[in-house]
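>>> predicted structure and sequence below. I'll ask about it afterward.
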Amino acid sequence: MNPFLKIDVRRPAGFALLAATLLCGGLTTSLCSAGPDTNAAPAAASSPAASPATRHQLTGAELYSIHCNRCHPERYPTERTAAQWKTIMLHMQVRANIPGQQARLILQYLQENSGR
Amino acid sequence: MKKTKNTSRWICGLVAATGAAGLLPTAATAEVSDADFNALKAMVQQLGEQVQSLRQTNALVEQTHLQDLQELQALQSKLAETQQTATDANQKATAAAQAEAQPVPRAPLDEATVNRNFQILGDAEFQYVNADHQNGAFALADFAPIFLYRGGDNILFEAGFDTTIANNASGGGYSTTFNLSFAQLDYVMSDYLTLCAGELLLPLGTYSERGAGWLNKFPDDPLAVDALIPGSGVGAELRGAMPLGDSGKLLNYAVYGVNGPSSADGTGNAGALDLGGNVGVTSGGTSANLHGNPSGGGRLAVFLPFKPRYDLELGVSGMFGDWDNAGNHLWTAGVVDAALHLGPNFEAKGEYILTRYGSDDLGIHQQQGWFVQAGYKLAGLDLDLPLLNNLEVVGRYDKVAFAYDPVNNVFDFNTQRYTVGYIYYFTSALLFEGDYEFTHSNDPSQTDTQLILQISYGF
C-alpha cells in the first residue's frame, strides 16, 4: 500500500480507478467547458466558434489551430523567419501527413505573422 | 492829350540817348591787327579741333565704358553661376560623405522566397533517476538534433541523431553513443504524395514518428513500442494525405518497403530476432539485406477534427516480411492507434500492438502489448493560480505480454506498468516532467518502482 495514496495503485483495480477518475474529470471538464479556449495561442485569434463544417474553406489560422498542437505544444509564428518556416513546414507536411494545399495555407499564415 | 504828350517826350528822349551813345567813342575801343586776328582765329580753330577730338575721344571712352559695363555684367553673371556650381558641388560632396557613413539601404530580402535553407531543430533531455534498489543519479538522457536542409520548394533532407553518454562497464570513464535515428530524403511529388527514402521512421502506429523527447509526455517509452516493433528501417516510402471534404478531415496513407527485421546471429532461433539491425551494409563490407527479401508495410488512418483542438485520429498499420537469413520465417506486426483531443487541455492516446513470428526452435509465437495515456492541463479548471495554470497531470498504463526470456528461451515475460506524473511548462518548449512508475513484472531486469525527473527542451 503506497503511503502517499489512499488508493492502492499497485492493484490494477486501484490504478484503474485513479486513471478513470482522471479521465472522467478531464473529459467532464472539457466537454462542459463552453467558454473560449483559455490556452489558445494569441495568433489563433480567428479560431471559429462554429464548426469547420459550416465554413467553405479553412483559413491558415484555423488549420494552424487544428494541426499545430496535436503532437507538440504549439510554436508561435514569431519564433522563426519566413524562410525558416518554409523549411519547417515542409518537414511537418511530411511528418504530420498534411495535404499540400493545407500546408501552404498554414505556411502563409506563419510567414505573414512571423514579423521577420 | 496831356498824357500823349508826355509819352512822346519820353520816346524822343530815349531815341536821342541811344543815338548819342552810339556816336560817342568808348574808352575800351581798340584796333585788332590781322595777325592777332588770324592767331586768334587759328587758336579758335585749334580749340575747335581739340574740342572735336575730345568729343570723339569721349564718345570712344563712353563706348568703351559701355562695353566694359557689359563685360562686367557678364563676368558678374558667370561669377554667380560659378558660385552656385561651387555650392552645389559642396552640397553633393557633403551628401556623398554622409552616404558613405551610412550604408546604402539594401533591398529587403524576401525571406518567403528563399529556397536554400538549413535548419537545426531537435530536443534535449536531462534526467534524474532513482530506481528501486539502485542509487539515484543524474543523466544526460539524450541530445537529439534534427538537421533539415531544404533544396527547393519540394525537396527536403532530414536527419536525426541521438547522443547519449553512459558509464563504462569496466575500466572507468564513460562512453558517448551517437546514433543515427533517421535520415531520409523527402521529395514532395504532389499535394497528396511524397516519396521518402533512407533510414525511415516507420509508420507502425504513431509513437515512433511522434515520440521524440519533448513530444512525449513521459520520460520513457511505452514498454510494447520498444520491445515489439522496429522504430525505423532502411528503404523507401510513399506517403501522403487527402482531404475528406472542406472541414479539415483527412485520410492519411503510407506504404513502404524496407530491409526489415533480421537475425542477430544468422540463425532462425527465436532469441535471434533483431528488429532494427538490418541496415543493408554488413560488417564484412557486403551490401545486402541479410535475408534477401524486403519487408513491407503501411498505415491507413483518418483524422477527424470537430473543431480546432477537438479531434480524433484512428489508424491501423501493419508490417510483414522474412526475418531469418534463410528466409524461412515470417515476422508480422499489426498496430491500432488512436488519439483524442478535447479542447486545449485534454489529450488521450493509445496503441495496441500485436506481433507474430516463426522460429526454428520455438515455432510460431505471438506477442502483444498496449499503452493508454492521458493528460489534463490544470489551466482548464480556470482557477487563476500561477503555478497551477502551467501544470499538466498525466497518467499511463502500459503492458507487454509474452516477451522473450533469453535465459530460459521462452516467451513468458509479462510486464505491466502504472505511471503517474506531471509536466510543468516553463514555456511551451521547456518542460519539467516528473513521474513515478509502479512496475509488476516477472522480468528480473525490470525495477519495481522508479522516480524519474526530466527537463526537456524542444528547439
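The structure has been received and is ready for your questions. Numbers count the residues shown, from 1 in each chain, chains lettered A, B, ... in the order given.

>>> burial count for B:Glu209?
23 (other Cβ atoms under 10 Å in any protein chain shown). To be clear about C-beta, it is placed using only N, CA and C from the backbone, and glycine gets the same treatment.

>>> quick one: contacts of the host helix or strand of it?
Taking DSSP states H and E as the criterion, the element that holds B:Glu209 is helix B:207-210. The contact list for helix B:207-210, computed with Cβ atoms under 8 Å, 6 or more residues apart in numbering or on different chains, reads A:71, A:95, B:201-203, B:221-222, B:225, B:229, B:231-232, B:337, B:351.

>>> put the buried members of the residues you listed into a ChimeraX selection.
Restricted to buried positions by 16 or more other Cβ atoms under 10 Å in any protein chain shown, the ChimeraX selection for the contacts of helix B:207-210 reads:
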select /A:71 /B:201,202,203,221,222,225,229,231,232,337,351
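
>>> any weak-confidence spans in the chain?
No chain in the question, so chain A it is. Counting by pLDDT under 70, the ranges of chain A that qualify are A:1-56.

>>> actually, chain B is the one I wanted.
Looking at chain B by pLDDT under 70, you get B:1-30, B:99-114.

>>> and the helices in it?
For chain B, the helices defined by DSSP state H occupy B:2-23, B:34-101, B:207-210, B:223-228, B:386-389.

>>> now distance to B:Ala326 too, for the ones you listed, in TSV please.
What follows is the helices of chain B, written out as TSV (distance: least, Cβ to Cβ, whole Å):
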stretch	distance to B:Ala326
helix B:2-23	178
helix B:34-101	78
helix B:207-210	28
helix B:223-228	23
helix B:386-389	60
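
>>> I'd like to know which of those helices is closest to B:Gly327.
The minimum distance between B:Gly327 and the helices of chain B falls on helix B:223-228, with 21.7 Å, by Cβ to Cβ.

>>> now for B:Cys196: which residues touch it?
A:Val94, B:Gln184, B:Leu185, B:Asp186, B:Tyr187, B:Ala236, B:Glu237, B:Leu238, B:Arg239, B:Tyr256.

>>> apart from its chain neighbours, what residue comes closest to the residue of chain A found nearest chain B?
Closest residue of chain A to chain B, Cβ to the nearest Cβ: A:Gly100 (3.0 Å). Nearest residue to A:Gly100 in three dimensions, chain neighbours excluded: B:Asp191, at 3.0 Å (Cβ to Cβ, 6 or more residues apart in numbering or on different chains).

>>> pretty sure that neighbour contacts A:Pro99?
Yes - look at B:Asp191 against A:Pro99 with Cβ atoms under 8 Å: they come within range, at 5.4 Å.

>>> all strands of chain A, in order?
Along chain A, no segments are classed as strands by DSSP state E.

>>> which residues of the stretch 201-350 of chain B lie near chain A?
B:209-210, B:214-215, B:239-243, B:245-248, B:250, B:252, B:254, B:301, B:303, B:305-309, B:311, B:313, B:339, B:341-346, B:348 (Cβ under 8 Å from any Cβ of the partner chain).

>>> sorry, back to before: buried among the contacts of B:Cys196? Need that as a selection in PyMOL.
Selection command for PyMOL covering only the buried members of these, criterion 16+ other Cβ under 10 Å:
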select buried, (chain A and resi 94) or (chain B and resi 184+185+186+187+236+237+239+256)
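
>>> now render the contacts of B:Cys196 as JSON lines, adding distance to B:Asn289.
Formatted as JSON lines, the contacts of B:Cys196 follow (distance: Cβ to Cβ, whole Å):
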{"residue": "A:Val94", "distance to B:Asn289": "25"}
{"residue": "B:Gln184", "distance to B:Asn289": "18"}
{"residue": "B:Leu185", "distance to B:Asn289": "20"}
{"residue": "B:Asp186", "distance to B:Asn289": "23"}
{"residue": "B:Tyr187", "distance to B:Asn289": "23"}
{"residue": "B:Ala236", "distance to B:Asn289": "13"}
{"residue": "B:Glu237", "distance to B:Asn289": "16"}
{"residue": "B:Leu238", "distance to B:Asn289": "20"}
{"residue": "B:Arg239", "distance to B:Asn289": "22"}
{"residue": "B:Tyr256", "distance to B:Asn289": "14"}
